[in-house]
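Peer 1: all I have is the shape, not the residue letters:
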DNA sequence: CCTATGCATTGATGTACATCAAGAAATGAC
DNA sequence: GTCATTTCTTGATGTACATCAATGCATAGG
C-alpha cells in the first residue's frame, strides 16, 4: 500500500497493460475509460475521494481501461493479490456490483435526458469538477446531445 | 445451501422483494431482468449451468430484478450473508465484475450488429436455448432490429 | 498581453434503430 | 390432429440521437 501524488493529466494505466493494481483515491479525481475501435472515448467511471478505481480484468490478461487523473490526486496503490489475501472489503465489492448493475440497467432503459438526470442525482458533486464532454462520454451520448438536454431542462423551469 | 427443482416459468424473485438469496445453477437456465417505467423488459443476464444468479442489491433494500426459470432448472439456494461468512469465491466475484465491465463497455460502444456478434461469440450455447426476443432484450435492441441484423449477416456469407 | 487550444453551444442534415402493423411460422394446449 | 398463442419476419414510417460545421468563450502558455 503505497501512497503517491499524481498531477492532473497523469496516466496511471493504459489499455493493454498487464497490471493488477488498484487505486484508492484519498483526494482528487481519477477516471477510467476505454477507447473503442472507432477511436471514440467512453468513460467507464469517475473515481472521486474514497473510491476504488481498478480495471476488473482477469489476472495476467491485458487491461481494457485507461486510468488517469482529472485533478491533482493523492492515491494509495495496492495489488489485487494483496487485497485478496488480506480479506477484501466485501461490502465495497457488493456496492461496486450494485453500481455496475444500476449502470447497465440505465444504459438499457433510459434516454439521454433520463441518464443525465440520474447522473445529477447520483453524483451531484462530480458535475462541477469535470468538463461536460466527459459527462457526456460517461452517459454514452455526444457533447452536443448533452448540451441540448441541458438546454431543454433549463426551459422546463 | 438448499437444492431445489424449479419448473420452466417459475418465478424465484420479483422486483421490489427484499431478498438476499443467491442462486447457483446446477442445470437448466435462469434469467434475471427488470421492467422499466415504460413497461419494457430488459434482460440483465442469463444464468446457465454453473452460473451464479443474484440481484446485487444492498442488504435490506428492495431488489431491482426479477429472476425466473427459462428451462426446468436445478438450483442451489444460499443467502448472501452465509456466503460472505464462509469466505466467498473471490475469483468468481472478480469474474463477475469483469463480465459486467465488458457489458457496460459494449453497451456504450457497439451498435446492434456488433452486440449480436459479441453475444454469439461469448455465449454460443445460449442462443439455441432462448427465443430471439430474449436475446434482443439482453442486447438492448428490439426483436425487429435483431431479426434484421441476422438477415444482413446471413447475406454476407 | 496576445494567441492558440479546448470547450460549449447552435443549426442543418444524416442514420440507426424504434415503433406500428400485418402476415407467416413455430409452439403448445387440449 | 386442431386451434390458440407466441414468435419471427418484413415493410412503412417516425424519432432520438449522431455527425458535421460554424461560432463564441474560456483557459493556458509564452
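Peer 2: Nice, I can see it. This is a predicted model, so every value here is computed, not measured. Residues are numbered from 1 along each chain as shown, chains lettered A, B, ... in the order given.

Peer 1: can you pull the buried residues of stretch A:120-136?
Peer 2: A:126, A:130, A:134-136 (16 or more other Cβ atoms under 10 Å in any protein chain shown). Backbone N, C-alpha and C define where each C-beta goes, glycine included.

Peer 1: from those residues, which is closest to DNA strand D?
Peer 2: Of all those, the one sitting nearest DNA strand D is residue A:136; the distance, using Cβ to the nearest atom of the strand, is 7.5 Å.

Peer 1: near DNA strand C, anything from the helix or strand encompassing that closest one?
Peer 2: Using DSSP states H and E, the element containing residue A:136 is helix A:132-139. Yes: for helix A:132-139, a contact with DNA strand C is found by Cβ under 7 Å from any atom of the strand, at A:132-133.

Peer 1: could you point out which element follows that helix?
Peer 2: Using DSSP H and E, the helix or strand that follows helix A:132-139 towards the C-terminus is helix A:143-156.

Peer 1: got the angle between that next one and helix A:132-139?
Peer 2: With axes from the mean of the first three to the mean of the last three Cα atoms, to 10 degrees defining the directions, helix A:143-156 sits at 100 degrees from helix A:132-139.

Peer 1: only the buried residues of helix A:143-156, if you could.
Peer 2: Residues of helix A:143-156 classed as buried under the neighbour-count rule (16+ other Cβ under 10 Å) are A:145-146, A:149.

Peer 1: what sits opposite the most centrally placed residue in chain A in the beta ladder?
Peer 2: For chain A, the residue whose C-alpha lies nearest the mean C-alpha position (Cα atoms, centre = their mean) is residue A:45; its distance is 1.4 Å. Assessed by DSSP bridges, residue A:45 has beta-bridge partners residue A:32.

Peer 1: wait, it sits on residue A:31?
Peer 2: Yes: shown here, residue A:45 and residue A:31 form a contact pair, counting by Cβ atoms under 8 Å, at 7.2 Å.

Peer 1: state the pLDDT value of residue A:19.
Peer 2: According to the prediction, residue A:19 has pLDDT 83.

Peer 1: for residue A:94, the count of nearby residues, please.
Peer 2: 18 (other Cβ atoms under 10 Å in any protein chain shown).

Peer 1: which parts of chain A are strands?
Peer 2: In order along the chain, chain A carries the following strands (DSSP state E): A:2-6, A:11-13, A:21-27, A:29-35, A:41-48, A:52-53, A:66-69, A:73-79.

Peer 1: possible to save the ones you listed as a markdown table with distance to DNA strand D?
Peer 2: Compiled in a markdown table, the strands of chain A are given as follows (distance: least, Cβ to the nearest atom of the strand, whole Å):
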| stretch | distance to DNA strand D |
| --- | --- |
| strand A:2-6 | 16 |
| strand A:11-13 | 16 |
| strand A:21-27 | 19 |
| strand A:29-35 | 14 |
| strand A:41-48 | 11 |
| strand A:52-53 | 23 |
| strand A:66-69 | 14 |
| strand A:73-79 | 16 |
